[in-house]
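Asker: just need the structure, nothing else, for what follows:
(one chain, ligands or ions: 1)
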Amino acid sequence: MIPPDHPRYRSLLVRERLSACAREGIVALEGLAAHGRAEAFDYLIGETTTNTARLAARTAAALILQASAPVLSVNGNTAALAARECADLQEVTGITVEVNLFHRTEERLAKITDLLERHGVRVLGGTPERLVPLSHDRALCLPGGIGAADLVLVPLEDGDRCAALRAMGKTVVTIDLNPLSRTARTANLTIVDELTRALPLVSEAYSAMTVDEAAALAVGLDNHYLLQAAITEIIRGLERALD
Ligand code: ATP
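Answerer: This next block holds a predicted model:
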């Protein structure tokens with residue numbers, strides 16, 4: 001039992017949740033390592049949403065609004081941490097949700113789908129095909145989902161798949177606390193923020209967005225600037241710590 005007055009209460013709760021999901025086979029053990037990397041970057045970024053992350057979230061909403069077939073690609077960590085936020089995003093935007101796993105087994109797919117559905121997500125079903133140009137099982141996706149998508153929102157992604165999706169001509173939007181990752185640098189748009197903070201911002205921005213506003217945000221998209229701004233935030237935080 002974690003005492004609610006513990007200074008790192010939320011972070012410990014999240015760890016407990018991820019560990020429980022790992023024991024259930026929803027989160028891969030490798031996913032726990034990925035979470036550790038994210039925690040470190042969240043510490044560096046001040047565990048808060050920066051103004052540029054807000055701009056990135058609004059731009060993500062704009063791109064989703066403009067897309068004709070947007071898909072949210074969900075892995076084990078995303079389902080474990082943010083099933084409810086995925087349901088909310090789908091409710092607001094109508095985005096298609098597909099489960100896509102690096103450590104893919106039918107059993108894990110079923111468990112993650114079940115978790116998402118229990119939180120109100122409508123998960124796309126069907127027979128996967130090797131459509132993404134990758135040698136491992138992340139090549140598998142649904143022809144009517146990621147296969148046909150013009151935009152893929154892939155939180156907590158790995159760089160190879162991000163590049164492969166771009167090579168297929170898709171717009172890739174990611175959420176990644178590490179502004180130095182290959183994913184962050186390869187995506188069309190990176191929201192450098194924690195997943196459960198970022199997804200509600202995208203939903204909120206989408207609800208209030210007009211077509212004109214979306215067009216202006218899309219034209220103004222500069223991922224290099226967004227990543228530089230995140231790195232600058234980290235540097236400033238470190239400088240403050242040195243004072
Ligand atoms: P790349 O291949 O892009 O260089 P990587 O090897 O770090 O990235 P993974 O190990 O798959 O890729 O990790 C996924 C990424 O997701 C990490 O960069 C991590 O910072 C990020 N991440 C994990 N959990 C969260 C979270 N809750 N919120 C935001 N980002 C997260």
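Asker: separation between Ser73 and Leu115?
Answerer: From Ser73 across to Leu115, the span is 15 Å (Cβ to Cβ, to the nearest Å). Backbone N, C-alpha and C define where each C-beta goes, glycine included.
Asker: can you check Gly144 too?
Answerer: 22 Å.
Asker: residues in contact with the helix or strand hosting Ala83?
Answerer: Assigned by DSSP states H and E, Ala83 falls within helix 76-93. Outside helix 76-93, the residues that touch it by Cβ atoms under 8 Å, 6 or more residues apart in numbering are 14, 17-18, 21, 26-28, 31, 34-35, 61, 64-65, 70, 72, 74, 95, 97, 99, 101, 103, 108, 112, 115-116, 118-122, 155-156, 195-196, 199-200, 202-203, 206-207.
Asker: quick one: which of those sit in helices?
Answerer: 14, 17-18, 21, 31, 34-35, 61, 64-65, 108, 112, 115-116, 118, 195-196, 199-200, 202-203, 206-207 (DSSP state H).
Asker: ok, of those, which come out buried?
Answerer: Using 16 or more other Cβ atoms under 10 Å as the burial test, the ones in helices among the contacts of helix 76-93 include 14, 18, 21, 31, 34-35, 61, 64-65, 108, 112, 115-116, 195-196, 199-200, 202-203, 206 as buried.
Asker: filter these down to the ones near the ligand?
Answerer: Of the residues in those, proximity to the ligand by Cβ under 6 Å from any ligand atom holds for 34-35, 195.
Asker: can you pull the phi/psi pair for the residue nearest the centre of the chain?
Answerer: For the chain, the residue nearest the mean C-alpha position is Pro155 (1.6 Å; Cα atoms, centre = their mean). Taking degrees, to the nearest 10, you get phi -70, psi 150 for the backbone angles of Pro155.
Asker: so who does the closest residue to Gly46 other than its chain neighbours touch?
Answerer: Nearest non-adjacent residue to Gly46, counting by Cβ to Cβ, 6 or more residues apart in numbering: Gly237, 5.5 Å away. By Cβ under 8 Å, 6+ apart, Gly237 lies in contact with 44-46.
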